[in-house]
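Colleague: sharing a sequence plus its predicted fold:
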Amino acid sequence: MSRPAAWPLLLAAIPLLAAAAPTPRVAFTGSGDPEAALLPLDAEARRLRDRGLALFNTDHVAAGTEGAAAIDGLGPVYNAASCDACHNSGHRARGPIVDGPAPLPLVIQLGTASGTANASPYGAVLNAQALPGVAVEGRATLRFDHLDGRYPDGQPWRLRRPRYPIDAVARARLPAGTVIRPRIAPPVFGMALIEAARLPSPGRFGWQAAVPSLAEQTAIAYAHEMGITSRLRPQPDCGTGDRACLEAANGGVPEVADRDFDAVLALQRSLPVPAEAPLAADAEAAGRALFIDTGCSGCHVVQLPVDGIAGLDTITAWSDLRSHDLGPGLADRDLADRPQPTRFRTAPLWGLAAARAKAPLLLLHDGRAASVEEAILWHGGEASAARAAFEKQTATARALLIRWVEGR
Amino acid sequence: MMPLLARLGLSLLALAMGSPASAQEPAGDGCQAFRWNVSAERALFAGAGKALDAGRDAASAAPLLPAQLAVVRLPAQDTVNYARPPAKPRLADGAHGGLLRFTVPSDGEYRVALSSAHWIDVVDGATLLPSLDFHGASGCAAPRKLVRYRLPGGRPLLLQFSGAVDSTVRVTVTPEP
């Protein structure tokens, strides 16, 4: 579909959205596409979205930078200077994820086994960048080894298993109970639909569905990954006793003005879900049937009810947006490399077709899976039965199911 | 055209062999983070470079020579008239920008490497050329980022800088190794 055609088609589709209508999709290529919008925008809404897009793309700078009042306040410790540096034109982070220093879009969160507030000397995130004259908090290194196995039919498989040794922390050592929680930057399209989903509990954003609103999720990202305060997070992510961070000059109170914060929310709410790449009709139907029969759709549900969007009753995010125990293989680990109980939100599968076009794929919470097959094979815990059902399929059926998922 | 490219490659190789890559780089391992082979760029960035003033429009764009380091002074972005709007809009607050012109000897893949986080566009006539890929090391300034393009040889192209506060940028254009 050519770009000029997308907007009229979407407009034409809006009145037709009915109870069983599919999630509105367009040939979304990236956040910079001026014609891509989830729902129609009036002139004022478009101005706000465009302001949000520029803010999303702009590198923020140190407090007090001349002429840059709208974008100053970065850090003093941070991971990235702009949203776009990790969220890649609205898409998931770019790869590859390989041995070596943790790449910029892979955030190392610091947690505790109990899930209580982290009291680490570095706050909730180990920031790997800092303004001149300020020490970075520390860096993680990725080290992969391999897990080898076989399907019941004897075909071998191999998974990459990551470890995250922390080297070069700046000041104090990490407390013994610290849990390392690597999290790759997810896509930011379809946010308005996720906000509208009717769920049994408010949490729905973030890799663990722990955050109830897009505004809160955005405020956390600003504070933790960029060191920028907002109306919902008036303090940056300074560690306990980190005087350099706590006493650093600020770029205003809060550092991102309310209007600009709203603009970045407007941008995210405007971004549509990329179009699927369906298989030929027979294969599409067979792949969908396999997806359901193997139990994948138990969590990657076909439809979710939504409220508050005119003409739209359900969406197909291929996720229940709820958190589940996926077993020790995927669980976060403490400093002694012991897995700690971790629940992950069912990852929406929408946008996978677009992500494949920007290979290599980075799937799961830390990007360890470079293919749909690898991602399936990492599933455990509540997803063990579905994984086993996948493994028991013939090689042909497994390949079909993988191709079908890749087309979402 | 191949001999020209070959000479370019040889001169880069000579630079890479003759200049310690870290000669002008502050201590730190930020420049070790590249996954691309950046030895040619690292060698060029270790040199002094030729001073240029970026243009405020296409007509005043200063000439950039391939395989040479340029140290470019940029005017305030709000005084710049771009030949084409930057492909990725950013706020101009506090930003510096400008234009250079350059010609590569033959059709092929080239890299533009720069010391800052500026957004760059290459303009061919009235067309923004799409980038093929990009890479960077945020803890390094020599270079900080590289963008790969397929460029047409033998005709003038524009290189546009936008969307970063740095008023000076070091830049090279080199063939893809």
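Modeller: Now that the structure is in, tell me what you want to look at.

Colleague: neighbours of the residue in the stretch 201-350 of chain A that chain B sits nearest to, how many?
Modeller: The shortest separation between the stretch 201-350 of chain A and chain B is 9.3 Å, found at residue A:260 (distances taken as CB to the nearest CB). Quick note: C-beta positions are derived from backbone N, CA and C, even for glycine. Taking other CB atoms under 10 Å in any protein chain shown as the neighbour definition, residue A:260 ends up with a count of 20.

Colleague: repeat that for residue A:407.
Modeller: If you count neighbours by other CB under 10 Å, residue A:407 ends up with 17.

Colleague: got a pLDDT number for it?
Modeller: We note a pLDDT of 96 for residue A:407 in this prediction.

Colleague: nearest residue to it other than its sequence neighbours?
Modeller: Spatially, and ignoring its direct neighbours in sequence, residue A:407 is nearest to residue A:277 (4.3 Å; CB to CB, 6 or more residues apart in numbering or on different chains).

Colleague: so residue A:345 makes contact with residue A:211?
Modeller: No - under the criterion of CB atoms under 8 Å, residue A:345 lies out of contact with residue A:211, with a separation of 9.9 Å.

Colleague: show me which of those two is the more surrounded one.
Modeller: Of the pair residue A:345 and residue A:211, residue A:345 is the one with more neighbours under other CB under 10 Å, namely 23 against 20.

Colleague: ok, now which ones touch the nearest residue to the more buried one once chain neighbours are set aside?
Modeller: Once flanking residues are discounted, residue A:345 sits nearest to residue A:209: 3.7 Å by CB to CB, 6+ apart. If a contact means CB atoms under 8 Å, 6 or more residues apart in numbering or on different chains, then residue A:209 has A:203, A:321-323, A:343, A:345 as its contacts.

Colleague: how does it look with 10 Å?
Modeller: By CB atoms under 10 Å, 6 or more residues apart in numbering or on different chains, the contact list for residue A:209 reads A:194, A:199, A:201-203, A:319-324, A:343-346.

Colleague: narrow the residues you listed to those in strands?
Modeller: A:323-324, A:343-345 (DSSP state E).

Colleague: looking at the residues you listed, which one is closest to residue A:393?
Modeller: Within the set of the ones in strands among the contacts of residue A:209, residue A:324 lies nearest residue A:393; the separation is 21.9 Å, counting by CB to CB.

Colleague: so for the closest one, what's the nearest residue that isn't a sequence neighbour?
Modeller: residue A:382 (4.5 Å).

Colleague: ok, residue B:30 next?
Modeller: residue B:139 (2.4 Å).

Colleague: wasn't residue B:43 part of a strand?
Modeller: No - with DSSP: H, G, I helix; E, B strand; the rest coil as the criterion, residue B:43 is assigned helix and is not in a strand.

Colleague: and the residue of chain A nearest chain B?
Modeller: Distances from chain A to chain B, computed as CB to the nearest CB, single out residue A:68 as the nearest residue at 3.0 Å.

Colleague: how about the residue nearest to that residue when sequence neighbours are not counted, what does it touch?
Modeller: The shortest distance from residue A:68 to any residue other than its chain neighbours is 3.0 Å, reached at residue B:94 (CB to CB, 6+ apart). Applying CB under 10 Å, 6+ apart to residue B:94 gives the contacts A:58, A:61, A:65-72, B:76-78, B:164-165, B:167.

Colleague: just the buried ones among the residues you listed, please.
Modeller: Burial by neighbour count, 16 or more other CB atoms under 10 Å in any protein chain shown: within the contacts of residue B:94 this picks out A:58, A:61, A:65, A:67-72, B:77, B:164-165, B:167.

Colleague: hmm, back to that, where does the residue nearest to residue A:324 sit relative to residue A:327, distance-wise?
Modeller: Between residue A:382 and residue A:327 the distance, using CB to CB, to the nearest Å, works out to 8 Å.

Colleague: likewise residue A:251?
Modeller: Taking CB to CB as the measure, residue A:251 and residue A:327 are separated by 43 Å.

Colleague: looking only at neighbour counts, state which of the two leads.
Modeller: More crowded of residue A:251 and residue A:327, by other CB under 10 Å: residue A:251, with 25 against 18.

Colleague: about what we covered before: mind checking which of the contacts of residue B:94 are in strands?
Modeller: The subset of those that ends up in strands is residue B:164, with DSSP E as the criterion.

Colleague: between the contacts of residue B:94, which sits nearest residue A:174?
Modeller: When the contacts of residue B:94 are compared against residue A:174 (criterion: CB to CB), the nearest one is residue A:61, at 29.7 Å.

Colleague: let me see the contact set for that closest one.
Modeller: In this structure, residue A:61 makes contact with A:67-68, A:71-75, A:81, A:131, A:251, B:93-95, B:117, B:164-166, judged by CB under 10 Å, 6+ apart.

Colleague: what about residue A:361, neighbour count?
Modeller: 19.

Colleague: surely it and residue A:405 touch.
Modeller: No - counting by CB atoms under 10 Å, residue A:361 sits too far from residue A:405 to count as a contact (11.1 Å).

Colleague: name the residues contacting each of the two.
Modeller: Common neighbours of residue A:361 and residue A:405, counting by CB under 10 Å, 6+ apart, are A:352, A:372, A:375.

Colleague: highest neighbour count among the residues you listed?
Modeller: Neighbour counts for those (other CB under 10 Å) peak at residue A:352, which has 24 neighbours.

Colleague: my read is that it contacts residue A:372, right?
Modeller: Yes - under the criterion of CB under 10 Å, residue A:352 lies in contact with residue A:372, with a separation of 7.3 Å.
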